[in-house]
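> dropping a prediction and its sequence here:
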Amino acid sequence: MRWYIGRRVLQVIPVFLGATLLLYALVFLRPGDPVLALGGERGLPEAVQEQIRAEFHLDEPFLVQYLLYLKGIVTLDLGVTFTGREVTEVIAQALPVTFQLALMALLIEAVLGVGFGLLAGMRKGGLFDSSVLVLSLLVIAVPTFVVGFVLQIVVGVQLGWLPITAGRDPDVVSLLMPATVLAATSFAYVLRLTRTSVQESLSADFVRTARAKGLSRAQVTGRHVLRNSLIPVVTFLGADLGALMGGAIVTEGIFNIHGVGGTLFDAITRGENVTVVSLTTVLVLVYIVANLAVDLLYAALDPRIRYA
Amino acid sequence: MPDALPTTGATRALRTAPRPGQEHVAQPLTEDLGAVDAVRTQDAPAGFWREAWRGMRRRPLFWVSGALIVLVLLVAAFPGLFTSIDPRTCALSDALDPARAGHVFGFDRQGCDIFSRTMHGARASLTVGVLTTLLVTVVGTVAGALAGYLGGWADTLLARVTDIFFAIPLVLAAIVIMSLASTRTALTVALVLASFGWPPIARIARGTVMSVKNDEFVTAARSLGMGRAGILVRHVLPNSAAPIIVYATVALGTFIVAEATLSFLGIGLPPSVVSWGGDISQAQGAIRTDPEILLYPAGALALTVLGFIMMGDVVRDALDPKARTR
Amino acid sequence: MRTRRLTVLTALGLSGALALTACASGGDDGGSDTATADAGGGVVTVHNGEPQNPLIPTMTNEVYGGMVVQNLFAGLVYYDAEGAVHNEVAESIESDDNLTWTITIADGWTFSDGTDVTAESFAKAWDYGAALDNKQSLSYFFEPIAGFSYDEDVSLIEAGGLVVEDDSTLVVTLSQPESDFPIRLGYAAFFPLPEAFFEDPEAFGEAPVGNGPYMLDSWEHDSSITLLPNPEYTGERTPQNAGLELIAYTDEDSAYNDLLGGQLDIIKNVPSSAFATFEDELEGRSANQPAAVIQVLTVPQWLPEFQGEAGQLRRQAVSHAINRAEVTETIFSGSRTPATDFTSPVIDGWTEDIPGNDVLDYDAELAVDLWAQAEALAPVGDYTLQIASNADSDHQTWVDAVCNNIRTVLEIGCEFYPYPTFDEYLDARDAGAVPGLFRGGWQADYPAMSNFLGPLYGTGAGSNDGQWSNAAFDAKLAEANGADSPEDAVALYLEAEAILFEELPGIPLWYNNATGGWADTVEDVEFGWDSDPILYQVTTSE
């Protein structure tokens, strides 16, 4: 096991190189010329544009740019954005709030999704199962901007139960609403995955054996059904963490959270190559850690899975 | 989507060679604990699929969801059968007018007939949604199943490639790929969405396969001398299909919405193409004043997803030998 | 996703987002009365966004940083709500020939760090802003000053364009007569800088020191900027509140909801989703009036079907096919005002009676007729008109409406042509590669007609993106620039506009209104000609 983890950690290096190279190629191939946009509609004088291109090495060939970037990573000096802020500072500012938001969303979707899915799966075809189906259809078909907007107006503005936006001081209370909105779509996945797995497990031999042995329904559920149903769910949750961190653009906008999703999106549209690649690389690390954790959880959930 | 799975030579041969007694095997002896799977290892695939089909036909849910899907497909293929109004001929003087004779859903902000747009929007949305889902499912299942089943270096390689693909922001990739593409069609959009949508399904397939490959019936099949490929296709995959199907049916809806996001950013379908997703994002500006115009494209999307989710349920039940025995 | 981030765009690009004014705040013009100074004891929270550049005046080319800098610095002149020019740091600005300007600086002005504001504070700041190697975004503002160059790094002081005669006298020599030069001097590019700036420009950009009504207390990136009244300030814009907190929002809808929920005092732009309702919802605490922003469909010279006689007819046909009144009413719920010229109603000299502006009237029959005439001359047959724009703010809605007009009236195709990023859009424009008409938005930097005409339609001008060129128009502009009085200049600018109406290098659509709102916790809120709320005069109610 220790050997397995060590190997996985070592594998971070090729993944890192591969991901940054691919990403750098993408930002390099991105159409348009970011320096043009710096002057707005009016543009900057040609000579100034040239100076800026030189300053950011935009006039260098692809490989040189990429190697300069790697050098920046090694020396922990990623340079500045077009707006003059340290890239590391921009990332350091966006990460904590995003991490908190994503973890809260993950918790919400895991608890509610698994809970509802379990109940629905145990009584397949019942009233609860059908209501839950309707609920999951709702969160799939109703776009995030609507869910977020309606919650914000009702809970925030009209009832005043929770802060309307979380921009100024993001804490657990002000992030509760955005985390719920962010969790909505994933909740549908978790719910349906749990429900199906529970159903499968219920009909599996070992459950029937357990029941035959005289274990109570609750015991069977807790000890056998749930545990055995969790593998796809846990896999999904692990894969979802990174998506929640990098893809919360709409939710962040609605609740005025200055996090990774919005920062990344802006950096992409502005052509801030170093910011894009660096932020995304952080997300890669999150994926790697989350997926490693999931793989280790497999062994706990299903003792037959072993890592050498 | 079992039909989409690769068929090895061995399975094909087996499929075409029905054996005597198979119906008995597949319609087993109800509560006879433990025996079921062991017996099934000798079962031929042809019987398995046919049995699945037979099981599905018996379910009313199958016919309901089937009818829903056929209806949606019909609308997508021939919107002209359902409406004679051009979805792109609009008069601002009609903007946001309520329903009236001949215009059952009323009008949107541009004064376009919402019913007509909902009918005509089906094609693009469904093409993108279904195509992306198929691609993602096939690629993800193959990659994930191989990684989970083979383990070792294959697992390492595929898992690390998955890590890299996970990380690439869809918006960035879409900006680059769409600007390189000469034409923007539902196919190119589906390709872009699928290129970056397969990793979760690969992870799910891998995890499930890793667990299922240790099941007793697999051990039994191996001890009976069955080949690795045969075991994967005939035993492991059908028993791992449930989460994959569930994920795919839910993902269908999210892909349809994702198309709208790309189109909104100018990197999806051309603006002249009518789609549900496009109408949903255009309704955003009216959310405070006229949220009801959102109802129709979102409702159509929900019905479509409902059809596929129910169908997925039926298929899953049919494929699950344990569930079937009850 | 859609409202996301207009931030890349400069002021100008923000068609969806500009704002405001004060129809409701009943007649107090300006705030020079200090009587209520202690009444407004509170801090006012205001909707803004994260500035896109260091807070250096000559770097500030977008609205978010602009709002901060306007309150941190005092220029030679300032603009009141109506755009009228008043001396601020200047005692007088004089010239006999519109070429050599003698600027006298009033006594008693200091920066908030205690150093004096002198002629040199201006000369050195402008010299720095103009020098190529300093890469300042607003360097083009110094183009008229003698010695300026776009090609090499020169010092305006060394070149003799700026001469400091003594602490209170600055002599500026221009390279050609500019009758409206004094009007420009209230713009951020012309603000003074203290010595501290030149010692460490980078640190200054994070913590600027100014001579304006407020001084910077703190700047928390991506969160808020706090300004406190500057005790050293001696001008007319005396703060009537205890300070300002400018909150960075990325989405106008969230700012508006914060306002509704009592978490914010003033929003400077109303989100498009609330255009129809905000005036009722805010019970009169709102502004909705034309501002110095115009939207135009630029007709580029590289489209052959829009050149020559037939092209002229097509330009007119397209213009007549657009029902501006209906689009502004239906799509924008009255938050846009149909255009009647190429400038803006808030600009001195504006009139709706320019010869030839009836080409902006909606007339379906005439449009069809004109298009048919063009087809007879040089047919394009089954034609699809493209209307291009960047896609990263919600332009599609109005383009769709305009296209519906054109499709219905002219019975030709018409489609939105989006570019995914702003720079890709600029790139295509610069390269002459846009395959159709494109969106041109223009927000004035300073309240003068010249600012709407020269930069956009002068031959080879910086923002003449359609590459239009007309000798008669250029001559008329030059004549106006050299006019003896502002009144004479206006008359000539109107004649220049008449030429634009004949040729239609762009098809004017509408003026963006300033739309804004405030909570019942604040009073005396007024929005200026530049769409921003005038913050120093705001008082708090409690």
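Nice, I can see it. Numbering: from 1, shown residues only, chains lettered A, B, ... in the order given.
> what about the strands in the stretch 1-150 of chain B?
Secondary structure of the stretch 1-150 of chain B by DSSP state E, counting those that start in this stretch: no strands are present.
> can you give me the strands in the stretch 301-450 of chain C?
With DSSP E, counting those that start in this stretch as the criterion, the stretch 301-450 of chain C has strands spanning C:336-338, C:384-390, C:413-419, C:437-443.
> in a markdown table, list the ones you listed along with distance to chain A.
Heads up, the C-betas are built off the backbone N, CA and C, glycines and all. Converted to a markdown table, the strands of the stretch 301-450 of chain C look like this (distance: least, CB to the nearest CB, whole Å):
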| stretch | distance to chain A |
| --- | --- |
| strand C:336-338 | 19 |
| strand C:384-390 | 9 |
| strand C:413-419 | 8 |
| strand C:437-443 | 7 |
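> list just the one of those strands that sits closest to B:G111.
strand C:413-419 (15.1 Å; CB to CB).
> and the angle from that closest one to strand C:384-390?
20 degrees (axes from the mean of the first three to the mean of the last three CA atoms, to 10 degrees).
> name every strand pairing with strand C:413-419 and say which way it goes.
strand C:384-390 (parallel) (DSSP bridges).
> ok so, going back, what's the most buried one of the strands of the stretch 301-450 of chain C?
strand C:437-443 (a mean of 24; mean count of other CB atoms under 10 Å in any protein chain shown).
> distance from the chain centre to that one, please.
Distance of strand C:437-443 from the chain centroid (CA atoms, centre = their mean, to the nearest Å) equals 13 Å.
> output the strands of the stretch 301-450 of chain C in JSON lines; the columns should cover mean pLDDT.
Output for the strands of the stretch 301-450 of chain C, formatted as JSON lines (pLDDT from 0 to 100):
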{"stretch": "strand C:336-338", "mean pLDDT": "95"}
{"stretch": "strand C:384-390", "mean pLDDT": "94"}
{"stretch": "strand C:413-419", "mean pLDDT": "93"}
{"stretch": "strand C:437-443", "mean pLDDT": "93"}
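> I'd like to know which of those lies nearest to C:E199.
Nearest of these (CB to CB): strand C:437-443, 33.6 Å.
> what's around A:W3, how many residues?
9 (other CB atoms under 10 Å in any protein chain shown).
> state the helix or strand in which it lies.
If you go by DSSP states H and E, A:W3 is part of helix A:2-29.
> could you see whether chain C lies near that helix?
No: counting by CB under 8 Å from any CB of the partner chain, chain C has no neighbours in helix A:2-29; the shortest distance is 12.0 Å.
> now the strands of the stretch 301-450 of chain C as CSV including distance to A:G167?
Below are these laid out as CSV (distance: least, CB to CB, whole Å):
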stretch, distance to A:G167
strand C:336-338, 29
strand C:384-390, 26
strand C:413-419, 29
strand C:437-443, 26
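> which of those sits closest to C:P51?
strand C:437-443 (16.8 Å).
> quick one, that closest one and strand C:384-390 angle?
Going by the same axes, to 10 degrees, strand C:437-443 makes 40 degrees with strand C:384-390.
> okay, strand C:437-443 in PDB with CA atoms only?
Taking Å, rounded to 0.1, in the frame of the first residue of the first chain, the C-alpha atoms of strand C:437-443 are listed here in PDB:
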ATOM      1  CA  LEU C 437     -21.400  45.200 -40.400                       C
ATOM      2  CA  PHE C 438     -20.100  45.400 -36.800                       C
ATOM      3  CA  ARG C 439     -21.000  46.900 -33.500                       C
ATOM      4  CA  GLY C 440     -19.300  50.100 -32.700                       C
ATOM      5  CA  GLY C 441     -19.800  51.500 -29.200                       C
ATOM      6  CA  TRP C 442     -18.400  54.800 -28.100                       C
ATOM      7  CA  GLN C 443     -18.300  56.400 -24.700                       C
END
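> may I see the buried residues of the helix holding A:W3?
Residues A:8, A:11-12, A:15-16, A:18-24, A:26-27 are the ones in helix A:2-29 that count as buried (16 or more other CB atoms under 10 Å in any protein chain shown).
> nearest to B:L237, of the strands of the stretch 301-450 of chain C?
Closest among these, using CB to CB: strand C:413-419, at 42.6 Å.
> list just the one of the strands of the stretch 301-450 of chain C that sits closest to A:M122.
Taking these one by one with CB to CB, strand C:413-419 is closest: 49.1 Å.
> what's in contact with that closest one?
A:32, B:265-266, B:270-272, C:382-391, C:395-396, C:399-400, C:402-404, C:406-407, C:425, C:428, C:434-436 (CB atoms under 8 Å, 6 or more residues apart in numbering or on different chains).
> of the residues you listed, select the buried ones using a PyMOL command.
Here is the PyMOL command that selects the buried residues among the contacts of strand C:413-419 (16+ other CB under 10 Å):
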select buried, (chain A and resi 32) or (chain B and resi 265+266+271) or (chain C and resi 385+386+387+388+389+390+391+395+396+399+400+402+403+404+406+407+425+428+434+436)
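> so which bits of the stretch 101-250 of chain B are right by chain A?
Near chain A, when you scan the stretch 101-250 of chain B using CB under 8 Å from any CB, you find B:156, B:159-160, B:162-164, B:166-173, B:175-176, B:179-180, B:199-200, B:203-204, B:206-208, B:210-211, B:214, B:216, B:242-243, B:245-247, B:249-250.
> can you tell me which of those are buried?
Using 16+ other CB under 10 Å, the buried ones in these are B:159-160, B:162-164, B:166-173, B:175-176, B:179, B:199-200, B:203-204, B:206-208, B:210-211, B:242-243, B:245-247, B:249-250.
> just checking, which of these belong to helices?
Using DSSP state H, B:159-160, B:162-164, B:166-167, B:170-173, B:175-176, B:179, B:199-200, B:203-204, B:206-208, B:210-211, B:242-243, B:245-247, B:249-250 are the members of these that sit in helices.
> and those residues near chain C, which?
B:175, B:179.
> do you know how far A:E60 is from chain C?
Plainly put, A:E60 is 19 Å away from chain C if you go by CB to the nearest CB, to the nearest Å.
> do the same with B:T137
26 Å.
> surely that residue and B:I244 touch.
Yes: using CB atoms under 8 Å, B:T137 is in contact with B:I244, at 6.6 Å.
> got the buried residues for stretch C:218-230?
C:219, C:221-230.
> let me have those in JSON lines, adding distance to chain A as columns.
Shown next, in JSON lines, are those (distance: CB to the nearest CB, whole Å):
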{"residue": "C:W219", "distance to chain A": "11"}
{"residue": "C:H221", "distance to chain A": "6"}
{"residue": "C:D222", "distance to chain A": "4"}
{"residue": "C:S223", "distance to chain A": "6"}
{"residue": "C:S224", "distance to chain A": "6"}
{"residue": "C:I225", "distance to chain A": "12"}
{"residue": "C:T226", "distance to chain A": "11"}
{"residue": "C:L227", "distance to chain A": "16"}
{"residue": "C:L228", "distance to chain A": "18"}
{"residue": "C:P229", "distance to chain A": "22"}
{"residue": "C:N230", "distance to chain A": "24"}
